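S.K.: Structure for the following, please:
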Amino acid sequence: MVIIYAALKSIPLELYEAARVDGASGLAIARYIKIPMVAPALMLTFIFSIIGTLQLFNEPNVLRQTAPAAIGPNFTPNMYLYNTAFQIGDFYYSAALAFSLAMVTMVLVLGVLLVNAWRSRRSA
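M.R.: Numbering: from 1, shown residues only. Here you go, the predicted structure:
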């Protein structure tokens, strides 16, 4: 939210003034000025969300003691890796899975960046 707020604050006020002089409504200003100017910040937060989702460990691990029936040991990929390494004792398999998870994360982020680059080239 702070990233998007900072991106909104960085939009020059002259753009809003020019749009109002041209007769643009609030919806038109949001659609044609705010969203395109904030799009890089939205893409950044989307990438951070992908990475953060795949790294989720602490919250479910703490809540597992409260609700063990709802949150099992394989609730997130990182919890599965942790349980494979430290409960089962298979460190090599867990390390291979961790490397695979890192590659999947990299491929997802690279895919999002490529789609974004393709869209921006197509619209330009």
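S.K.: Check which helix or strand the residue most central in space within the chain maps to.
M.R.: Nearest residue to the geometric centre of the chain (CA atoms, centre = their mean): residue 49, 2.0 Å. Residue 49 belongs to helix 35-54 when assigned by DSSP states H and E.
S.K.: What are the boundaries of the helices in the chain?
M.R.: 2-9, 13-21, 26-29, 35-54, 58-64, 77-83, 91-123 (DSSP state H).
S.K.: buried set for the shortest one?
M.R.: Within helix 26-29, the residues that count as buried by 16 or more other CB atoms under 10 Å are residue 29. For every residue, glycine as well, the C-beta is placed using N, CA and C.
S.K.: Please write out the alpha-carbon positions of stretch 47-57 in CSV.
M.R.: Listed next in CSV are the C-alpha coordinates belonging to stretch 47-57 (Å, rounded to 0.1, in the frame of the first residue of the first chain):
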residue,chain,number,x,y,z
ILE,A,47,6.0,-9.7,-8.0
PHE,A,48,6.5,-9.2,-4.2
SER,A,49,3.2,-11.0,-3.6
ILE,A,50,4.3,-14.0,-5.7
ILE,A,51,7.6,-14.3,-3.9
GLY,A,52,6.0,-13.7,-0.4
THR,A,53,3.3,-16.3,-1.0
LEU,A,54,5.8,-19.0,-1.9
GLN,A,55,8.0,-18.1,1.1
LEU,A,56,5.1,-18.2,3.7
PHE,A,57,6.2,-20.1,6.7
